[in-house]
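# Just a sequence and a predicted model for now, questions to come.
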Amino acid sequence: MAFFKGFSTIGLQNRWKLEDTELVKRDILNHFQTRRGERLNNPGFGSRIWEFTFEGMSDELREAIANDAQSIIDAEPRVNLKDITVQQFQHGFQIEMDLYFINQDVSQAMYVQFNQEAQIMTSL
């Protein structure tokens, strides 16, 4: 039985209906893909991570990225963040999050990669 139901037209092969953890992950990913200030009537929504893609990885940058990701997860009432790791990869960085889905009583990892070509890749 699904607790959450929704729709997505992104990356799904003739399957637009999403349920439970997949819907929550898609909502989190949408939050990451929105640059802060981009959403009308809600300029605080979105991620600052896009500002960091051309900077060299440092402890301060790693902390800023982790804090931004933490704020995105904190805005999502259906999950809790158990752990977060930020790593440099190729021409960008990867955020690995261990998420606890409250209504499903399950933990899953979510990986979000940002690169300098202004693209986001994910492993849901």
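In hand now; what should we look at? Residues are numbered from 1 along each chain as shown.
# Helix or strand: which one has Gln108?
Counting by DSSP states H and E, the element that carries Gln108 is strand 106-115.
# typo on my end, Gln88
Going by DSSP H and E, Gln88 is part of strand 79-89.
# what lines up beside that strand in the sheet?
strand 92-101 (antiparallel) (DSSP bridges).
# Identify the residues contacting the partner strand?
20-21, 24-25, 28, 49, 52-53, 57, 65-66, 69, 73, 78-88, 106-116 (Cβ atoms under 8 Å, 6 or more residues apart in numbering). C-betas here are computed from N, CA, C, even on glycine.
# Select only the buried ones of those residues in ChimeraX?
Selecting only the buried entries of the contacts of strand 92-101 in ChimeraX, with 16 or more other Cβ atoms under 10 Å as the criterion:
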select :20,21,24,25,28,49,52,53,65,66,69,73,78,79,81,84,86,108,110,112,113,114
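# Alright, calling it a day.
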